[in-house]
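# model this:
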Amino acid sequence: MSTKGLRLALAVLIPLLLVAPIRAAAAGVLLNGSGSTFIYPIESAWSVVYAKVDPGLRINYQPVGSGKGIGELIQRMTDFAGSDAPLTDQQIKDSPGRILHFPAVLGADVLIYNIPGIPQAARLRLTGPVIADIFSGKIKKWNDKAILDLNRGLELPDSGIIPCHRSDGSGTTYIFADYLSKVSQEWAQEIGKGTTVKWPVGSEAPGNDGVATLVKQTPGAVGYVESTYAVNAGLPYAQIRNSAGQWVDADIKTLTVAAANNLANLPGDFRASITDASGAGAYPIASYTFFLVYEQQSDRAKGQALKNFLQWVLRDGQTFARALHYAPLPATVITREEAQLEQIKLPAQ
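Residues are numbered from 1 along each chain as shown. Here you go, the predicted structure:
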């Protein structure tokens with residue numbers, strides 16, 4: 001997210017703040033976090049607004065990608081991590097202590113594109129299997145029959161497609177590859193899912209902002225980013241056909257439906273995928289994005305400050321989601337997370 005875009009977002013968000021009565025952190029507390037660029041737009045807004053709630057706390061968050069953020073947390077280089085990918089069983093095993101997942105908001109991967117000659121208002125339509133074939137290199141041109149059949153009346157050019165993807169370990173990639181693994185058997189078998197995958201074709205860039213910039217500068221390009229980055233870059237993004245056969249946009253309503261339709265399957269540790277959600281009205285490339293924190297804190301002041309901040313995120317922080325193109329968490333998820341907050345243990349001194 002650009003500095004200008006963040007300033008504009010904060011100009012909208014800050015006047016909406018309702019300060020909740022919480023316990024202030026000790027003076028001079030610094031929390032260091034790193035990871036997801038997917039969560040960075042709203043995390044940045046939260047950090048700035050929360051400084052007005054608790055002037056004694058400063059949050060330093062580095063958007064280095066979910067993969068690196070997870071690695072830094074496991075090595076105890078940071079106090080928390082942002083990730084759109086839940087920890088794997090191996091990462092849990094490698095961690096020096098139990099790590100708790102706290103869903104922060106709901107977000108979406110969207111398919112941005114730069115197709116010369118196509119009006120901005122004309123919406124490209126894509127299905128999961130077609131997206132998989134584009135990013136695996138099987139569909140190479142914009143006027144391929146598989147794309148034309150989905151976009152009757154749209155004059156697509158006889159020009160090459162340039163798939164753009166992340167170069168760094170990324171939760172945004174995890175969400176995208178997780179979705180494609182569910183809708184394409186070939187993708188699941190040949191490429192699979194993860195914060196990094198072996199891309200068969202395409203160009204790459206670090207971060208959501210990097211991919212958005214790459215697509216904007218590259219005629220014929222298509223890429224996946226968190227929706228806020230598409231809006232900030234002024235790029236169109238495709239409608240996707242969901243599991244119910246509907247063409248849907250990524251918006252607050254369709255993200256909320258995707259989460260609601262999966263609540264019964266949400267595990268106790270919150271390590272859940274809600275891509276390709278069942279039911280009408282669900283956006284298919286939706287996800288929770290998480291804050292990851294150690295159950296056993298090593299510093300009492302930092303641990304208490306982190307608990308206070310997470311509690312605020314689950315309450316007042318949710319009111320800022322819509323302005324930044326995220327969806328607030330379901331109330332039942334918030335209730336469960338507030339109970340999980342009590343599991344965070346602080347040292348005596």
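# tabulate the CA atom coordinates of stretch 294-301 in PDB.
This file holds the C-alpha atoms of stretch 294-301, laid out as PDB (Å, rounded to 0.1, in the frame of the first residue of the first chain):
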ATOM      1  CA  TYR A 294       3.400 -17.200  21.500                       C
ATOM      2  CA  GLU A 295       1.100 -18.600  24.200                       C
ATOM      3  CA  GLN A 296       4.000 -18.200  26.800                       C
ATOM      4  CA  GLN A 297       5.300 -14.600  26.700                       C
ATOM      5  CA  SER A 298       8.900 -13.900  27.700                       C
ATOM      6  CA  ASP A 299       8.400 -10.300  28.700                       C
ATOM      7  CA  ARG A 300       5.500  -9.300  31.000                       C
ATOM      8  CA  ALA A 301       5.100  -5.700  29.800                       C
END
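# contacts for that stretch, please.
Residues from elsewhere that reach stretch 294-301 (CB atoms under 8 Å, 6 or more residues apart in numbering): 25-26, 29, 73, 76, 97-100, 303, 306, 343-349. All C-beta atoms are positioned from the backbone trio N, CA, C, and that covers glycine.
# ok, stretch 186-197 next?
Stretch 186-197 is contacted by residues 65-67, 70, 85, 132, 136, 168-171, 173-174, 177-178, 180-182, 198-200 when judged by CB under 8 Å, 6+ apart.
# which parts of that stretch are buried?
By neighbour count on 16 or more other CB atoms under 10 Å, the buried set for stretch 186-197 is Trp187, Ala188, Ile191, Lys193, Gly194, Thr195, Thr196, Val197.
# could you check how far the first one is from Asn242?
Noted for Trp187: a distance of 17 Å to Asn242, by CB to CB, to the nearest Å.
# what of the fourth one?
Here the distance between Lys193 and Asn242 works out to 19 Å (CB to CB).
# run through the residues that contact Ile92.
Residues near Ile92 by CB under 8 Å, 6+ apart: Ile99.
# so for the helix or strand containing it, what gets flagged as buried?
In the assignment (DSSP states H and E), Ile92 maps to helix 89-94. Of all the residues in helix 89-94, those buried under the rule 16+ other CB under 10 Å are Gln91.
# any idea how far the following helix or strand past it is from the chain center?
The first helix or strand that comes after helix 89-94 along the chain, using DSSP H and E, is strand 99-114. From the chain centre to the centre of strand 99-114 is a distance of 2 Å (CA atoms, centre = their mean, to the nearest Å).
# what's the first helix or strand after strand 99-114?
Scanning forward in sequence from strand 99-114 by DSSP H and E, the next helix or strand is strand 125-126.
# other SSEs contacting that following strand?
strand 239-241 (3 or more CB pairs under 8 Å, 6 or more residues apart in numbering; DSSP states H and E).
# helices and strands around the helix or strand following the strand it packs on, which ones?
The helix or strand immediately downstream of strand 239-241 is strand 247-248, counting by DSSP H and E. Helices and strands touching strand 247-248, by 3+ CB pairs under 8 Å, 6+ apart, are strand 239-241.
# next one: the strand it packs on to chain centre, how far?
On CA atoms, centre = their mean, the centre of strand 239-241 falls 18 Å from the chain's centre.
# likewise stretch 270-286?
For stretch 270-286, the separation from the chain centroid amounts to 13 Å (computed by CA atoms, centre = their mean).
# before we move on, what about stretch 129-146?
The chain centre lies 24 Å from the centre of stretch 129-146; the measure is CA atoms, centre = their mean.
# how long is it from one end to the other?
For stretch 129-146, the first-to-last residue distance is 10 Å (CA to CA, to the nearest Å).
# same thing with stretch 91-99?
10 Å.
# again, but for stretch 239-257
Using CA to CA, the end-to-end distance of stretch 239-257 comes to 16 Å.
# in that stretch, what counts as buried?
Result for stretch 239-257 [16+ other CB under 10 Å]: buried residues 239-243, 246, 248, 250, 252, 254-257.
# mean confidence (pLDDT) on it, please.
Average pLDDT, stretch 239-257: 97.
# other residues contacting that stretch?
Residues outside stretch 239-257 that contact it (CB under 8 Å, 6+ apart): 106-111, 123-128, 131, 150, 227, 237, 276-286, 321-322, 326-328, 330.
# residue ranges for the helices of the stretch 51-200 of the chain, please.
With helices called from DSSP state H, counting those that start in this stretch, the stretch 51-200 of the chain shows them at 66-74, 89-94, 128-135, 145-148, 171-183, 185-190.
# winner for burial among those?
Greatest average neighbour count among those goes to helix 171-183 (a mean of 26), per mean count of other CB atoms under 10 Å.
# export that one to CSV, keeping only CA atoms.
Extracted as CSV, the C-alpha positions of helix 171-183 are listed here (Å, rounded to 0.1, in the frame of the first residue of the first chain):
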residue,chain,number,x,y,z
GLY,A,171,0.3,-15.9,2.5
THR,A,172,-1.3,-14.3,-0.5
THR,A,173,0.3,-17.0,-2.6
TYR,A,174,-0.9,-19.7,-0.1
ILE,A,175,-4.5,-18.5,-0.4
PHE,A,176,-4.3,-18.5,-4.3
ALA,A,177,-2.6,-21.9,-4.6
ASP,A,178,-4.9,-23.4,-1.9
TYR,A,179,-7.9,-22.3,-4.0
LEU,A,180,-6.4,-23.6,-7.3
SER,A,181,-5.6,-27.0,-5.6
LYS,A,182,-9.3,-27.4,-4.7
VAL,A,183,-10.6,-26.5,-8.2
